[in-house]
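Participant: Sequence and predicted structure below; questions after.
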Amino acid sequence: MEHEEGVVEAYAKVQAVIAEACAKAGRSVDEIEVIGVTKTHGPDVVREAWDAGLRLFGENKVQEAAAKIPESVSQAEWHLIGHLQRNKVRPALELFSVIHSVDSLRLAEQIERVAEETGHRPQILLEINVAGESSKDGMRPEAAPEVIEYILGCRNLTWTGLMTMAPFCPDPEQTRPVFAKLRNLRDTWEKEYGVGLPRLSMGMSNDYRVAVEEGATWLRLGTVLFGHRPKWRPVAEESF
Ligand SMILES: *Cc1c(COP(=O)(O)O)cnc(C)c1O
């Protein structure tokens, strides 16, 4: 590991921050789960995190995950948190039980098609670009109803909530409106479509305290648990 502190200590600090934020917001810590984001780290880091008590793990690239997951802890639950290309849906469904990054109708259609064929029953989140940054993945809120109506008619997809990536702000307070907006969209769509959407995937190392205060249930944490990521990628970028 390239940082001094072990995962056990780092995770204990994270849990203390979560407990404080929950106390402030009047929430129960049981509503929140940490996803250990292990991108660029090897299976040894996954094992260390498992031993420290983490059970959920996130990767942002299918290719890298395909090399890492079989070498890691077999009981771990893997979540895809990065952009998914339609030509990688098939391997993605083999690797991940939850896809956080459904960001278009065409992607939802492809996941449903492959799931129907292979018998996978993925849990999905819609990724919403709340802040309206053109560089970020995720659909604008106005584009969501078309995708939602499609998903609600799918036999193989279980839609459980929303995900967002807040823009990086040196002062995490500035991300609060982004998280509040995602929660409001969730509340609105639960009523409008008569569905339960318990999952809000929001909050990263820099801003997870604020995300917890605003209702996050899945925190995607990399750096704060595992230290800074190595610059190089262990797996070449090539398509399946
Ligand atoms: C890398 C990544 C994270 C974790 O980022 P940290 O700042 O290291 O905690 C969370 N979500 C997504 C989508 C990522 O790609």
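Facilitator: Now that the structure is in, tell me what you want to look at.

Participant: Contacts only, for the spatially most central residue of the chain.
Facilitator: Nearest to the mean C-alpha position of the chain, by C-alpha atoms, centre = their mean, lies Ile81 at 4.2 Å. Neighbouring residues of Ile81 by C-beta atoms under 8 Å, 6 or more residues apart in numbering: 35, 37, 58-60, 100-101, 163, 201, 220. Quick note: C-beta positions are derived from backbone N, CA and C, even for glycine.

Participant: switch to 10 Å and redo it
Facilitator: By C-beta atoms under 10 Å, 6 or more residues apart in numbering, the residues touching Ile81 are 35, 37, 39, 57-61, 96, 98-101, 125, 127, 163, 165, 201, 204, 218, 220, 222.

Participant: Okay, it and the ligand: tell me how far apart.
Facilitator: 4 Å (C-beta to the nearest ligand atom, to the nearest Å).

Participant: where in the chain is pLDDT low?
Facilitator: Applying pLDDT under 70 to the chain flags residues 1-4, 134-136, 231-240.

Participant: At the contact with the ligand, which residues of the protein appear?
Facilitator: With C-beta under 6 Å from any ligand atom as the criterion, the chain comes near the ligand at residues 37, 39, 60, 81-82, 165, 204-206, 220-224.

Participant: rerun at 8 Å
Facilitator: 37, 39, 58, 60, 81-82, 100-101, 163, 165, 204-206, 208, 220-226, 229 (C-beta under 8 Å from any ligand atom).

Participant: Which of the residues you listed fall in strands?
Facilitator: Judged by DSSP state E, strands contain the following of the residues of the chain next to the ligand: 37, 58, 100-101, 163, 220-221.

Participant: What I need now is these written out in JSON lines, including neighbour count for each item.
Facilitator: Listed next are those as JSON lines, based on neighbours: other C-beta atoms under 10 Å:
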{"residue": "Val37", "neighbour count": "27"}
{"residue": "Gly58", "neighbour count": "26"}
{"residue": "His100", "neighbour count": "28"}
{"residue": "Ser101", "neighbour count": "22"}
{"residue": "Met163", "neighbour count": "26"}
{"residue": "Arg220", "neighbour count": "24"}
{"residue": "Leu221", "neighbour count": "22"}
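
Participant: Show me which of those is closest to Glu117.
Facilitator: Ser101 (20.9 Å; C-beta to C-beta).

Participant: now the nearest residue to that closest one once chain neighbours are set aside, what's its secondary structure?
Facilitator: Residue nearest to Ser101 in three dimensions, not counting chain neighbours: Glu127, with 4.7 Å by C-beta to C-beta, 6 or more residues apart in numbering. Of the three states, Glu127 takes strand under DSSP: H, G, I helix; E, B strand; the rest coil.
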